[in-house]
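*Asks:* return a 3D structure for these sequence lines:
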Amino acid sequence: MKHNEAHTDKKHEHSGTKVRGQYVARCLKAANVVVLDPEVQKRFPNSRAVNDALRALIDLARTTGLAPQPQRKQRKRAGV
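*Replies:* As a prediction, the model looks like this:
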């Protein structure tokens with residue numbers, strides 16, 4: 001039996017109907033994708049570098065008063 005003949009006899013397990021883009025909504029919910037400009041990408045080559053820089057910027061904004069501190073929600077007291 002030739003190589004091509006062996007493959008034509010087998011049934012494909014995933015031969016169901018195919019819908020283009022059926023998982024797009026799930027992917028958009030599960031992942032945050034940000035497209036960087038080329039000049040920014042040269043400075044921040046991976047996601048860790050970007051995240052570190054953004055965390056530093058957030059900390060700087062908080063310490064200088066440019067960004068408000070996150071507010072804690074007050075818990076309701078039982079029986080009051």
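*Asks:* what's the burial count for the closest residue to residue 44 other than its chain neighbours?
*Replies:* Leaving aside its sequence neighbours, residue 44 sits nearest to residue 50 (CB to CB, 6 or more residues apart in numbering; 4.6 Å). Just so you know, the C-beta spots here come from the backbone N, C-alpha and C atoms, and that holds for glycine as well. Close neighbours of residue 50, defined as other CB atoms under 10 Å, add up to 16.
*Asks:* now residue 38
*Replies:* Applying other CB under 10 Å, we find 6 residues neighbouring residue 38.
*Asks:* ok, residue 72 to residue 66 distance?
*Replies:* Separation of residue 72 from residue 66 (CB to CB, to the nearest Å) stands at 20 Å.
*Asks:* which one of these two has more residues nearby?
*Replies:* Using other CB under 10 Å, the more surrounded residue of residue 72 and residue 66 is residue 66, with 9 against 6.
*Asks:* state the pLDDT value of the more buried one.
*Replies:* Listed pLDDT for residue 66 reads 78.
*Asks:* quick one on the thing from earlier: helix or strand for the residue nearest to residue 44, which one?
*Replies:* Assigned by DSSP states H and E, residue 50 belongs to helix 47-64.
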